[in-house]
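okay, predicted coordinates and the sequence, questions at the end:
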Amino acid sequence: MELSDNFNPSIPDRQICFPTSANTLKPYVGQLHNTLDEGVKFYKAYAAACGFQCRMSTIIYAADGTIRLRYVLCNREGVWDKVDGTLNEHGNPLKKKRKTTSSRCDCMARAIFEVVDGGRYKIRRFNEGHTHSMVPAHTRHLMTGNRKVGELEQLFIISGVKANIGAMRTFRLYRELIGSYEAVGCTTDDFKNYVRDLKGHSLDSDAKMLLDALTNKQELGDGFKFICDVDEEKKMRRLIWTDETAVNNYKIYGEAVSFDATYHTNKYQMIFTPFTGRDNHGKCISFGAALISREDTESYSWVLDKFYEIMGRAPRVLITDQDPALRKAVASTWKETRHRFCMWHITIKVAEKLPSRLAKDPDFKANFGRIVWAEDKDPEVFEEDWNNMIDEYDLGGNKWFSDMYEDRAFWIPAYFKDIPMSGLFRTTSFSESENSFFKRFLNKNADLVLLYTNYCMALDSQRNNFKKITYADETRSPSMLYALPIEKHASQVYTNSIFKCVQDEIGFSIRGCSIRKMYLEDDDNVFVIEDNLDGVFTVRHVTEHDDVSCSCNMFNRKGLVCKHMFHVFTNMRIHKIPEKYIIRRWCKFSIIFPEEAQSEQSKDYVQPSAKGDFRFFKVVADSLGYVRCNNELSEQLFSALTEVKDKFCKLGSLEHPSASKKRMFLDFYGSAPSESPSVLPPNISKTKGSGAGGRRKSEQEKAMLLAKKPMRLCRKCNTLGHHDSRNCPTKEDA
C-alpha cells in the first residue's frame with residue numbers, strides 16, 4: 001500500500017475544525033523524531049491537549065522488516081456501517097439491529113510517519129483539520145487517551161479486592177481521597193475492568209498458584225501448615241490449613257469445637273469448613289479451615305484426620321448439625337471425641353413434626369423446653385420426664401420423636417453432664433456467627449488464591465478485635481456490685497466478659513440460695529443448698545483434699561464456679577476463689593501468657609510502618625497533616641514533593657502500563673500462570689445448598705421470612721395480609 005500524493009484535506013459541504021494548541025505541541029510536516037515511539041507519543045500528547053483521541057492504523061514495512069510508514073489517525077476516522085436497506089412488506093427492516101451510537105464521522109485528521117536515513121522518523125503528512133468539534137475541556141479527563149490506571153490506582157483496587165470491596169465502592173472512596181473525578185485519571189469502568197482482568201489472570205492455574213503460595217509460607221518456618229489432596233486427574237479436591245497462632249490457640253481453647261459448612265464462598269462452590277472455638281472472652285476463635293469438593297463421609301474423614309495430624313489431638317466435644325456423612329466420619333475418625341448435635345437444628349423442627357392439636361399448645365412447648373434444655377438433670381431423670389411427656393400428649397406413634405429419643409445421647413445436655421467443658425456449645429450458633437463473619441470478607445465468585453487472601457484478611461480482623469478486647473481487659477476494671485472480697489478477686493483473674501457471668505452467679509448465691517441443712521458424711525462436709533430458681537442441690541466439701549463439688553456440675557461443664565459453691569465459699573469465709581477452680585482458659589491474657597504479656601508491655605509502642613508501597617503514602621499523609629492549616633507551609637511541601645518526584649523521574653524509568661499491570665498481578669498471586677500446571681482447579685461442586693430451590697427451609701423459617709415481608713390490602717377480603725385478590729384464602733359467599 002502506497003501513500004496517495006493527491007491527498008486533499010478539504011471536504012465539501014462540511015465544516016472543518018482546526019484545533020488550537022501551544023506551538024511547542026503542534027506537529028508539522030518534516031518534524032524529526034529519534035524513534036517512532038517518540039513521534040507517536042508526541043502526537044498523542046498533541047491530541048490530548050487539543051481535545052481529540054487518536055488510534056494506530058496502517059503499517060507499511062520495508063524489505064528489511066523495519067517500519068517504513070506508520071499512520072496515526074483520529075479515532076473518529078471512517079464511517080459507521082449502515083443498516084441494510086432491505087425492507088419487508090410492512091416497510092420494516094428485514095434484520096433488526098440494536099439502537100446504538102457511533103463516534104465515526106469520516107474524520108480525515110492524521111499524521112503519517114516515514115523512516116529516513118539513520119533510523120529516525122519524520123512526519124511526512126499532517127492533516128490538522130477535523131470534521132467534528134473538539135472535546136470540551138471539562139470532559140477531557142474521560143477521553144481514552146487521558147485515562148490511565150496508574151500505580152496508586154492499581155494498589156488501591158487490589159487493596160479493595162483483598163478486603164472484598166466492590167470496584168464501585170473502591171472508586172467512590174478513592175475519589176474522596178483524591179478530591180475530584182478529574183483528578184482520579186480514570187473511570188468506574190476502568191476500575192471494574194481492572195478487577196475483571198485481575199480475577200481472570202490465574203486462568204486454570206489458581207490451584208497451583210495457591211499451593212505455591214502456601215508452600216512458600218510453610219518454608220518460612222513460622223509454624224504455618226497445610227495439606228492438600230488431589231484426585232487421579234490432578235484436580236484439587238481437599239485442602240486444609242492453619243498457622244502457628246491458631247495451633248497455640250487450640251492448645252488453650254480447643255476442648256470443644258464447632259464445625260459447620262459454609263457455601264458459596266468461591267467460584268468452584270467448594271465447601272468452606274472452618275473449625276471454630278470459644279476464646280477467653282467468650283467470642284469466636286478460628287483454629288483453621290478446610291475446603292472440600294464433596295460432603296461425603298470420605299471427605300469429612302479426611303478433614304478430621306488431617307486436623308488431628310496438624311493439632312496433635314482431637315477435642316473432647318465436637319458439635320455439628322445432623323449430617324449423616326459427618327456423623328459416620330466422626331465415629332470412625334475421632335473415636336474418643338463426644339459428638340454432639342446442634343439443639344437448635346433439632347428443636348426448630350418440633351413445630352412441624354407435631355400433630356396439629358399440639359402445634360400451638362403453649363403448655364406443651366414449655367414442658368418440652370424444660371425437659372430437653374435442662375443441664376443439671378441426670379440421664380435417668382430426663383428419660384423419665386420424656387416418657388411421661390410422650391404418654392401425656394399421646395406421641396408414642398410419632399416417628400420423629402422416637403428417632404430423637406434414640407439419638408438422645410447426641411443432643412440432650414443430661415448426657416454431656418460429666419464431660420469437661422461440654423457446656424461451651426449446645427448449638428452451632430458460634431459456627432453460624434463465624435460463617436456470617438467470614439462471608440463479609442469472602443466472595444462467591446473468587447478463585448482459590450483470592451479466597452485464601454480474603455480469608456487472611458478476615459482472620460487478621462478477628463485477631464485485631466481480640467487485641468482490642470484484650471486491651472480493654474487489661475486497662476479497665478468492671479464495677480463491683482456486692483463489695484465482697486471474692487468478687488474483687490474474680491474481677492482480677494477473669495476477663496471482663498466472663499466476670500459478668502461470674503458476678504451473676506455471686507449475686508444469685510446471695511439473693512436466691514440458702515443452706516437448708518449441713519451434715520458430715522465420711523468426714524466430708526455436705527451442704528444442702530436450696531435454690532429459689534432451680535430446686536435443691538448438694539455441695540460436698542472433701543476435707544482431705546480440700547475439694548468442693550456441686551451436684552449441678554456447672555464447674556465441670558463450663559469451667560466456672562456455680563452459685564451454690566459461691567454460697568458455700570461465702571459461708572466458709574473464703575475470700576478468694578481457690579486456684580484449682582480458676583480455669584486458665586477464662587483468665588485474662590496477662591495470666592494465660594505472662595511472659596508474652598510482659599514482653600509486650602516492655603516494648604515501645606510506636607506505630608509500625610505500613611507494609612509494601614503504602615508506607616510511602618503514609619509518610620506523605622503524615623507530612624500533609626503537619627501543614628494542612630498553614631497555606632505557606634503547604635505550598636513549600638508541595639514544591640518539595642514536586643522536586644523529589646522530578647528528581648526520581650530522571651533517575652528511574654517509568655514502566656509501561658501493561659508491564660506495571662502484569663507486575664501487580666504477579667505480586668498479588670505470587671507466581672505467573674502456568675500453561676500446564678501440576679495441580680488443576682476442582683470441578684464445580686454440587687453441594688447440598690445448590691440447585692434452583694436452594695436449601696429446603698423449615699416451616700418456622702418460612703414463617704419468619706414471610707413476617708419480614710410488607711403486608712398489603714386485599715381488595716377481596718379488605719384485610720391486610722400477605723396475599724391479594726388472586727390468592728385470597730377467603731371463600732366466596734354462596
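Yep, it's here.

tell me the helix or strand right after the longest helix that the chain contains.
The helix that spans the most residues within the chain, counting by DSSP state H, is helix 448-475. Sequence order places helix 485-493 as the next helix or strand after helix 448-475, per DSSP states H and E.

now do that next one: distance to the chain's middle.
38 Å (C-alpha atoms, centre = their mean, to the nearest Å).

the following helix or strand past it - contacts with which helices or strands?
The C-terminal neighbour of helix 485-493 among helices and strands, as given by DSSP H and E, is helix 496-511. For helix 496-511, the packing partners by 3 or more C-beta pairs under 8 Å, 6 or more residues apart in numbering; DSSP states H and E come out as helix 448-475, helix 485-493, helix 563-571. C-betas here are computed from N, CA, C, even on glycine.

sec struct for residue 56, please.
strand (DSSP: H, G, I helix; E, B strand; the rest coil).

so it sits against residue 74, correct?
No - here residue 56 lies out of contact with residue 74, judged by C-beta atoms under 8 Å, at a distance of 11.8 Å.

quick check: end-to-end length of stretch 102-117?
The first and last residues of stretch 102-117 sit 41 Å apart, counting by C-alpha to C-alpha, to the nearest Å.

ditto for stretch 571-588
So stretch 571-588: terminal residues 27 Å apart, C-alpha to C-alpha.

show me what counts as buried in that stretch.
Using 16 or more other C-beta atoms under 10 Å as the test for burial, stretch 571-588 gives 574, 577, 582-583, 585-588.

from those, which two are the most distant?
574 and 585 (22.4 Å; C-beta to C-beta).

mind splitting the protein into its structural domains?
If you go by automatic domain parsing, the domain ranges for the chain are 32-142, 148-200, 204-342+421-476+655-689, 343-410, 485-598, 614-654, 706-734.

what residues of the shortest one count as buried?
If I follow you right, that is domain 706-734. Here domain 706-734 shows 714, 723 as buried, counting by 16+ other C-beta under 10 Å.

could you identify the helix or strand that succeeds the lowest-mean-pLDDT helix or strand in the chain?
Sorting the helices and strands of the chain by mean pLDDT, DSSP states H and E puts helix 594-602 at the bottom, at a mean of 53. Per DSSP H and E, the first helix or strand lying C-terminal to helix 594-602 is helix 614-627.

give me the contacts around that following helix.
With contact meaning C-beta atoms under 8 Å, 6 or more residues apart in numbering, helix 614-627 is reached by 152, 155, 159, 609-610, 633-634, 636-637, 641.

just the buried residues of the residues you listed.
Neighbour-count burial (16+ other C-beta under 10 Å) applied to the contacts of helix 614-627 gives 152, 155, 637.

of those, which is the nearest to residue 21?
residue 152 (28.5 Å).

ok, and the closest non-adjacent residue to the closest one?
Once flanking residues are discounted, residue 152 sits nearest to residue 617: 7.6 Å by C-beta to C-beta, 6 or more residues apart in numbering.

neighbours of the one you found, how many?
Residue neighbour count, defined by other C-beta atoms under 10 Å, stands at 14 for residue 617.

helix or strand for residue 402, which one?
Here residue 402 sits within helix 399-406, counting by DSSP H and E.

ugh, typo on my part, it should be residue 72
Per DSSP H and E: residue 72 is located in strand 67-74.

could you do residue 125 as well?
Going by DSSP H and E, residue 125 is in strand 121-127.

and the strands in the stretch 101-250 of the chain, which stretches?
Secondary structure of the stretch 101-250 of the chain, counting by DSSP state E, counting those that start in this stretch: strands at 110-115, 121-127, 225-230, 236-242.

just to revisit the earlier point, out of residue 56 and residue 74, which sits in the more crowded spot?
Using other C-beta under 10 Å, the more surrounded residue of residue 56 and residue 74 is residue 74, with 24 against 11.

who touches that one in this structure?
47, 52-55, 107-110, 130 are the contacts of residue 74 under C-beta under 8 Å, 6+ apart.

and if you look at residue 680?
Counting by C-beta under 8 Å, 6+ apart, residue 680 makes contact with 204, 207-208, 230, 233-236.

which one of these is nearest to residue 708?
Taking C-beta to C-beta as the measure, residue 236 is the one of these closest to residue 708, at 39.0 Å.

and that closest one, how far from residue 204?
In this view, residue 236 and residue 204 are 12 Å apart by C-beta to C-beta, to the nearest Å.

give me the common contacts of the two.
Contacts common to residue 236 and residue 204, judged by C-beta under 8 Å, 6+ apart, are 680-681.

which stretches of the chain have low pLDDT?
1-14, 81-98, 595-614, 653-657, 687-700, 731-734 (pLDDT under 70).

how about the secondary structure of residue 374?
Under three-state DSSP, residue 374 comes out as coil.

centre-most residue in the protein?
In the chain, the residue lying closest to the centroid (C-alpha atoms, centre = their mean) is residue 441, at 1.4 Å.

would you confirm that it contacts residue 453?
No - with contacts counted by C-beta under 8 Å, residue 441 stays clear of residue 453, the gap being 9.4 Å.

tell me how many other residues surround the residue lying closest to residue 279 once chain neighbours are set aside.
Nearest residue to residue 279 in three dimensions, chain neighbours excluded: residue 285, at 4.2 Å (C-beta to C-beta, 6+ apart). Residue 285: 23 surrounding residues under other C-beta under 10 Å.

over to residue 497?
Quick note: residue 497 (other C-beta under 10 Å) scores 17 neighbours.

repeat that for residue 185.
Neighbours of residue 185 (other C-beta under 10 Å): 16.

from residue 358, how far out is the closest residue to it other than its chain neighbours?
When the adjacent residues along the chain are set aside, residue 185 lies closest to residue 148, with 5.5 Å between them (C-beta to C-beta, 6+ apart). Look at residue 148 and residue 358: by C-beta to C-beta, they are 70 Å apart.

am I right that residue 372 is in contact with residue 414?
No - look at residue 372 against residue 414 with C-beta under 8 Å: they stay out of range, at 9.0 Å.

what touches both of those two?
Common neighbours of residue 372 and residue 414 (C-beta under 8 Å, 6+ apart) are residue 382.

list the residues that contact residue 404.
Counted by C-beta under 8 Å, 6+ apart, residue 404 has contacts 346, 411.

burial measure for residue 325, as a count.
For residue 325, using other C-beta under 10 Å, the count is 16.

wait, it sits on residue 302?
No - between residue 325 and residue 302 there is no contact, the gap being 11.9 Å when judged by C-beta under 8 Å.

still on that earlier bit, gap between the residue nearest to the centre of the chain and residue 451?
Note on residue 441: its distance to residue 451, by C-beta to C-beta, is 10 Å.

before we move on, the earlier item: comparing residue 236 and residue 204, which residue is more hemmed in?
More neighbours surround residue 236 than the other of residue 236 and residue 204, with 24 against 14 (other C-beta under 10 Å).

partner residues bridging that one?
Counting by DSSP bridges, residue 236 is bridged to residue 230.

ok, now which ones touch it?
Applying C-beta under 8 Å, 6+ apart, we find residue 236 in contact with 207, 211, 228-230, 291, 293, 448, 679-682.

and if you look at residue 548?
539-542, 565, 568-569, 578, 581.

kindly report the same for residue 336.
residue 314.

how about the helices of the stretch 1-150 of the chain, start to end?
Ranges of helices within the stretch 1-150 of the chain are 36-50, based on DSSP state H, counting those that start in this stretch.

make that the stretch 301-450 of the chain, sorry
324-333, 343-347, 350-353, 362-372, 379-392, 399-406, 429-439, 448-475.

in the longest one, which residues are buried?
So that's helix 448-475. Applying a neighbour-count criterion of 16+ other C-beta under 10 Å, one finds 448-455, 457-459, 462, 466, 469-470, 473-474 buried in helix 448-475.

how about the contacts of helix 614-627 in CSV, adding distance to residue 436?
Formatted as CSV, those follow (distance: C-beta to C-beta, whole Å):
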residue, distance to residue 436
152, 33
155, 29
159, 23
609, 33
610, 29
633, 48
634, 45
636, 50
637, 45
641, 44
